[in-house]
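# Okay, structure incoming, though there's no sequence with it:
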């Protein structure tokens with residue numbers, strides 16, 4: 001992968017930690033006196049557009065899979081408004097800390113929450129990791145999944161066009177909370193214990209399973225259905241009698 005950063009962000013990295021290992025470091029600067037091109041895995045570009053153009057050309061395009069923009073404020077502002085920005089990965093810190101550089105707010109009309117971790121606590125400061133994914137379908141309709149995979153927007157699915165979100169890393173993609181339900185259903189179908197029931201249809205069941213949802217930024221989809229009153233009474237009496 002490659003990381004793009006401004007000159008001040010580069011200088012804020014401790015000397016012993018730069019360049020960031022395992023990645024191609026791209027530093028944006030217009031200063032003619034700033035010369036670190038001799039460092040390994042470091043290149044200098046004058047602008048975001050020239051950096052992206054360079055990374056898209058040979059030989060970089062043969063080895064670079066994903067480009068990450070890591071700061072500072074002006075560089076992030078330019079990246080957020082770029083149509084090439086597919087996702088935003090950020091750390092949400094629940095504390096008031098004095099800062100001199102600020103990132104722009106996430107445009108929720110262009111990006112939707114994909115994943116939010118449960119809060120962590122370090123040095124009495126709570127923080128969580130959040131991922132936003134760009135909404136590309138024109139109608140902003142919710143994503144559809146089939147067998148645990150998002151349905152191809154080009155497939156014939158009752159006219160519903162959805163995104164594949166293939167740009168997300170696999171570990172982030174599968175943390176979408178929809179997968180909690182889909183994975184549990186798959187597990188029950190594959191390893192559930194079959195039992196007879198009074199309807200004659202039979203059931204597959206697993207005990208001790210649970211799903212946990214983070215309600216800080218979203219709420220799971222709830223569904224309801226109409227049930228005839230006699231059926232409600234029969235089920236109620238069935239449970240009261242202990243015949244569950």
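Right, received. Where do you want to start? In this text the structure is predicted, and so the values were computed from the model without any measurement. Residues are numbered from 1 along each chain as shown.

# So residue 110 is in contact with residue 133, correct?
No. Using Cβ atoms under 8 Å, residue 110 is not in contact with residue 133, being 10.0 Å away. Just so you know, the C-beta spots here come from the backbone N, C-alpha and C atoms, and that holds for glycine as well.

# Which one's more surrounded, these two?
Under the neighbour definition other Cβ atoms under 10 Å, residue 110 and residue 133 were set side by side, and residue 133 has more, 21 against 16.

# That one looks like it's in a strand, true?
Yes. When DSSP: H, G, I helix; E, B strand; the rest coil is applied, residue 133 is found to be in a strand.

# number of nearby residues for residue 85?
So residue 85, with other Cβ under 10 Å, has 17 neighbours.

# who touches the residue found closest to it once you drop the neighbours it is linked to in the chain in this structure?
Leaving aside its chain neighbours, residue 85 sits nearest to residue 79 (5.4 Å; criterion: Cβ to Cβ, 6 or more residues apart in numbering). Counting by Cβ atoms under 8 Å, 6 or more residues apart in numbering, residue 79 makes contact with 4, 48, 69, 85.

# can you check residue 85 too?
69, 79, 134.

# at 10 Å instead, please
The contact partners of residue 85, by Cβ atoms under 10 Å, 6 or more residues apart in numbering, come to 67, 69, 76, 78-79, 110-111, 132, 134.

# Quote the end-to-end distance of stretch 193-205.
Start-to-end span of stretch 193-205 (Cα to Cα, to the nearest Å) is 5 Å.
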